[in-house]
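**Student:** Predicted model and sequence follow; I will ask about them next.
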Amino acid sequence: MNILLFGPPGAGKGTQSALLVERKRMKHISTGDLFRAAIKNQTRLGLEARKYMDKGQLVPDSITIGMVEEVFMTLNGQSFILDGFPRNVAQGEALENLLKGHDLTIDKALFLEVPIDQLMGRLTGRRVCTACGATYHVTASPPKKEGVCDKCGGSVIQRADDKEDVIRTRLMAYEESTKPLKDYYKSANKLVVINGLGATEEVYGQIEKQLL
Ligand code: AMP
């Protein structure tokens, strides 16, 4: 089964995807992670994407869609989770075409619902490992040793776009561009709303039920 996970920034898409990868051996396709890797490797795509990401804006569709198609070509039948793509209805439509072209389908679109007033605290407190991508939170789930990843010993930092002013722009982009995807997937009879509040394992339990 292939799924997509969407919702506002800070809803827990990355955390839940990591569990699905570990426990269900699904492939995680995160456009945010792909862009961050490209920035780290200083590729042309990374340099271009950075201009938008640093400001909290969406990277243009032409860049993003091509990048996802490259990953589709490497799947070899593995089930996947799309995380952070599509981010607007135009990308949703482009995804339909990509799926058709590669003989793939998305079975469910899981919307992780978290009230907007919870997101700022989640995002400003979020810390990530630069080596393995594990996520922490300064108060809710800090690493055992400050600044050091429990899983791999890498350094744990704040993402450049998890600063308050950039978060505001990201939340606006979500409201304007990504939220309309709820209706898009409802019309396609693929929408499942997951309550994103509560403990990580509780949220995971709701997602796991959808995979049966
Ligand atoms: P994320 O890690 O999903 O929060 O994404 C971080 C940033 O990457 C976003 O704020 C956007 O600038 C960019 N980004 C990620 N996915 C997309 C997408 N599907 N379309 C456009 N921009 C994206």
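**Tutor:** Received it, and whenever you're ready, just let me know what you need. Numbers count the residues shown, from 1 in each chain.

**Student:** For residue 152, give me its contacts.
**Tutor:** 129, 131-132, 134 (C-beta atoms under 8 Å, 6 or more residues apart in numbering). C-betas here are computed from N, CA, C, even on glycine.

**Student:** For those residues, please prepare JSON lines with the additional fields pLDDT and secondary structure.
**Tutor:** JSON lines is the format used below for those (pLDDT from 0 to 100; DSSP: H, G, I helix; E, B strand; the rest coil):
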{"residue": "129", "pLDDT": "95", "secondary structure": "strand"}
{"residue": "131", "pLDDT": "92", "secondary structure": "coil"}
{"residue": "132", "pLDDT": "91", "secondary structure": "coil"}
{"residue": "134", "pLDDT": "91", "secondary structure": "coil"}
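
**Student:** Could you find the closest non-adjacent residue to the residue of the chain found nearest the ligand?
**Tutor:** Per C-beta to the nearest ligand atom, residue 32 is where the chain lies closest to the ligand, at 2.0 Å. Take residue 32 and drop its neighbours on the chain: the residue closest to it by C-beta to C-beta, 6 or more residues apart in numbering is residue 84, 4.7 Å away.

**Student:** Ok, residue 47 next?
**Tutor:** residue 39 (7.5 Å).

**Student:** Packing partners of the helix or strand where the one you found lies?
**Tutor:** Using DSSP states H and E, the element containing residue 39 is helix 31-40. The contact analysis (3 or more C-beta pairs under 8 Å, 6 or more residues apart in numbering; DSSP states H and E) places helix 31-40 against helix 44-53, helix 61-72, strand 80-83.

**Student:** Report the contact partners of residue 5.
**Tutor:** Per C-beta under 8 Å, 6+ apart, neighbours of residue 5: 13, 16-17, 81-83, 110, 112, 207.

**Student:** make it 7 Å
**Tutor:** The contact partners of residue 5, taken as C-beta atoms under 7 Å, 6 or more residues apart in numbering, are 13, 16-17, 81, 83, 110, 112.

**Student:** and it, that's in a strand?
**Tutor:** Yes: counting by DSSP: H, G, I helix; E, B strand; the rest coil, residue 5 falls inside a strand.

**Student:** burial count for residue 187?
**Tutor:** By the criterion of other C-beta atoms under 10 Å, residue 187 has 9 neighbours.

**Student:** Tell me which two of the contacts of residue 152 sit farthest apart.
**Tutor:** By the measure C-beta to C-beta, 131 and 134 form the most distant pair in the contacts of residue 152, at 8.6 Å.
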